[in-house]
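> with the sequence up front, the predicted model follows.
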Amino acid sequence: MALWTPKPPVERTASGFRINLDEEERDLLRALFEQFRSMLLGTSDEPALKRIFPAAYHRTEHAELDTEYQRLMREELVASRLTGLATVEEALSTAPPLTEEQITSFMQALNGLRLVLGTVLDVSEELEMDDIADDDPQIAEYHLYNFLSWLLEWTVRAMSGT
């Protein structure tokens, strides 16, 4: 008797990559990616984007250098993220297989979402989901963070062939 085993959410196939999510999960990701795009195109001082545009110079005496770096690089970083999001949205709407470029963009977009949500939640490496109370006002956001982390892990596994 064969046991039923679910497909991994992201897998490598002989012809590329496949994202095995139901339509509700795909719709959730599309909505999150659209919100991410809006944030990237919004004001430059959005606190949630802190980890997306990390400081190049961390010492206070180099604040001027970091401001100049951010001024020079921000447009390029935003353009790169927007291109990746467009690739991901296309990939979520097309039939498999996905290319290496598409799955890499998917991984980067997932990671970007995790960075933004992690910043909002002030996530640290010590985060344990079991420590979050069911009545925490941000419990839904923590579950979303956990879902994105799980999906990112499977994407990395598929890309690395493990």
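Right, received. Where do you want to start?
> and the strands in this protein?
Taking DSSP state E to define them, one finds strands in the chain at 10-13, 16-19.
> what would those look like in CSV with mean neighbour count?
For every residue, glycine as well, the C-beta is placed using N, CA and C. CSV is the format used below for the strands of the chain (neighbours: other Cβ atoms under 10 Å):
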stretch, mean neighbour count
strand 10-13, 17
strand 16-19, 19
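> now these in CSV, with mean pLDDT and distance to Ala63?
Written out in CSV, the entries for the strands of the chain read as follows (pLDDT from 0 to 100; distance: least, Cβ to Cβ, whole Å):
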stretch, mean pLDDT, distance to Ala63
strand 10-13, 94, 40
strand 16-19, 94, 42
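> Leu115 is nearest to which of those strands?
Closest of those to Leu115 is strand 10-13, at 19.0 Å (criterion: Cβ to Cβ).
> from the chain's centroid, how far away is that closest one?
Centre-to-centre, strand 10-13 and its host chain are 18 Å apart (Cα atoms, centre = their mean, to the nearest Å).
> need the contact list for Leu144.
Listed by Cβ atoms under 8 Å, 6 or more residues apart in numbering, the contact partners of Leu144 are Leu32, Leu117.
> let's go with 7 Å and repeat that
Leu144 makes contacts with Leu117, as judged by Cβ atoms under 7 Å, 6 or more residues apart in numbering.
> with the one 3 residues further on instead?
Taking Cβ under 7 Å, 6+ apart as the contact definition, Phe147 lies against nothing.
> rewinding a little: to Phe33, which of the strands of the chain lies closest?
Using Cβ to Cβ, those put strand 16-19 closest to Phe33, at 13.1 Å.
> now for that closest one, which elements pack on it?
Packing contacts for strand 16-19, counted by 3 or more Cβ pairs under 7 Å, 6 or more residues apart in numbering; DSSP states H and E, involve strand 10-13.
> again, 8 Å this time
strand 10-13, helix 100-121 (3 or more Cβ pairs under 8 Å, 6 or more residues apart in numbering; DSSP states H and E).
> so what touches the longest one?
This means helix 100-121. Contact partners of helix 100-121, identified using Cβ under 8 Å, 6+ apart, comprise 10, 16-17, 19, 32-33, 36, 39, 47-52, 81, 83-85, 87-88, 90-91, 98, 123, 138, 141-142, 144-145, 148-149, 151-152, 155-156, 158-159.
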